[in-house]
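Trainee: Show me the folded form of this:
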Amino acid sequence: MTEALTPDSPAMTDALTSGNAVQVPETPELGAVPPTPERVEAAVHSIADRSRQAARRMGQANRAWKDRALHAIGAALKEQQGLILAANATDVDSGRSNGTSAALLDRLTLTPARIDGLVAALENLAGLPDPVGNVVRGQTLPNGLRLRQVNVPMGVVAAIYEARPNVTVDIAGLALKSGNAVILRGGSAAAHTNAALVTILRDALESVGLPADAVQTVDQFGREGANVLMRARGRVDVLIPRGGRELIQTVVNNSSVPVIETGEGNVHIFIDESASEDMAVDILLNAKTQRPSVCNTVETLLVHSKSTVLPAVAAALRSAGVTLHVDSRIQAALSGAVDTVPADDVDWATEYMDLDLAVAMVDSLDEAVAHIRRWSTGHTEAILTNNLANAEKFIADIDSAAVIVNASTRFTDGGELGLGAEVGISTQKLHARGPMGLTELTTTKWIVQGEGQIRG
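Mentor: Residues are numbered from 1 along each chain as shown. Predicted coordinates:
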């Protein structure tokens, strides 16, 4: 077996003192004139090759060492909070001047509380079991061969995202804990914040004796850097896009690197005729107004025609500043008691990411399911009900990454579901689906141990 790397192991001493170590090359400063496409390609390939070297070391580091790195990153984020917030203020001011939407500005903004949340997520990650080496299954065959299928790191994980500096820390923490190296493309909107964060992450890794190149960025090369990253098949093992529909589809359609597709969140809640008013009001307010700009926020509400909770729910949402885009039946049922605007097919298909909600009336659970099947993006759907049969039927009939009964859709989140954090929420069906945590950043390999057996 390969020797596990620990801070004092000869293997790590050799690795760190090897003459093959490559220094980080000089790259253009933010705002500098970009180099030629050929130079960008060479530079991104160099970054990916150094990531591959770092991934080999990270894949052999034991849990204690990786957890030490997570603690060091958390401490550095707290210590450098002022620097981070100053860089973030520059990005937010620039975004506001450029007319960035309120939803994107919210995602872009870091606060002391949000940095505390990032630190807490890192501490939580450090407390989770290491997925590397976990035995998925195993057996001894009749011929005596001993088989194990075990989790192993992906290797080099790349992420392309936009205006979400928290993702920089979340993805790096998950990648490191699962034994990977990560290459980040965080977009121009958060360029100063991400530059500060990546520097802090790299310094923290070096402080515990792990390779700084386990965290790298191609932000300095702009869109051309992202394009090269998408084409770096063989150098990058998996690419994860996180953002709006346009970004995700651009990556899916142009990448030769295998992609785990994260999807937009056209999220639905169905209130059946048995749901209680207090629960419906509380859940809808939380699911729509706690943080409207994120993908697990409810965007469409479906109300059973025999439910009595609509007036209270609508009044509570309007009081919270939510604009209700309603069909004609909802408008008639509210009888002008609450201000509304008419809805059309565009509303049923829209991920608002703001204080807007599409509302329709249905006559049955089957009708609600049919609406969801037509308009859902496969992210999260919820039912509010006191009828067990309806809950079970909803669970069976809805084909989304997360199906929730009597709780807010805001729980579709890696941290909330005990994963420590998340790389994103996958709406595809291959390899990973739903919130992607540590295990989803591993693959498997088969270990076959024999005593001289040959195949007959």
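Trainee: quick one: residue 385 and residue 272 touch, right?
Mentor: Yes: under the criterion of C-beta atoms under 8 Å, residue 385 makes contact with residue 272 at 4.4 Å. For the C-beta atoms, the positions are set from N, CA and C on the backbone; glycine is no exception.
Trainee: I'd like to know how far residue 426 sits from residue 205.
Mentor: Distance of residue 426 to residue 205, given as C-beta to C-beta, to the nearest Å: 27 Å.
Trainee: now residue 60
Mentor: Counting by C-beta to C-beta, the gap from residue 60 to residue 205 is 15 Å.
Trainee: How about residue 387: what's its closest non-neighbour residue?
Mentor: Nearest residue to residue 387, sequence neighbours excluded (C-beta to C-beta, 6 or more residues apart in numbering): residue 274, at 4.6 Å.
Trainee: Pretty sure the one you found sits in a helix.
Mentor: No: assignment of residue 274 by DSSP: H, G, I helix; E, B strand; the rest coil gives coil, placing it outside any helix.
Trainee: show me the contacts for it.
Mentor: 385, 386, 387, 390 (C-beta atoms under 8 Å, 6 or more residues apart in numbering).
Trainee: quick one, phi psi at it?
Mentor: phi -100, psi -10 (degrees, to the nearest 10).
Trainee: so what pLDDT did it get?
Mentor: Looking at residue 274, its pLDDT reads 97.
Trainee: could you check the distance from it over to residue 268?
Mentor: 18 Å.
Trainee: now residue 309
Mentor: 16 Å.
Trainee: Comparing the two, which shows the higher neighbour count?
Mentor: Neighbour totals were compared for residue 309 and residue 268, and residue 268 leads with 27 against 20 (other C-beta atoms under 10 Å).
Trainee: For that one, name its beta-bridge partners.
Mentor: Beta-bridge partners of residue 268, counted by DSSP bridges, are residue 300, residue 381.
Trainee: Now do the same for residue 381: its pLDDT.
Mentor: 98.
Trainee: How about residue 33?
Mentor: Value for residue 33, per-residue pLDDT: 48.
Trainee: can you check the one 10 residues further on too?
Mentor: pLDDT for residue 43: 96.
Trainee: tell me what the helix or strand where it lies is packed against?
Mentor: Here residue 43, judged by DSSP states H and E, is contained in helix 37-60. Packing partners of helix 37-60 (3 or more C-beta pairs under 8 Å, 6 or more residues apart in numbering; DSSP states H and E): helix 10-17, strand 146-153, strand 156-161, strand 181-185, strand 215-217, helix 222-230.
Trainee: Can you name the element that comes right after that helix?
Mentor: helix 63-79.
Trainee: That next one: which residues count as buried?
Mentor: Buried positions in helix 63-79, judged by neighbour count with 16 or more other C-beta atoms under 10 Å: 63, 65-74, 76-77.
Trainee: If you count neighbours, what's buried in the helix or strand just after it?
Mentor: Using DSSP H and E, the helix or strand that follows helix 63-79 towards the C-terminus is helix 81-97. By 16+ other C-beta under 10 Å, the buried positions in helix 81-97 come out as 84, 85, 87, 88, 91, 92, 94, 95.
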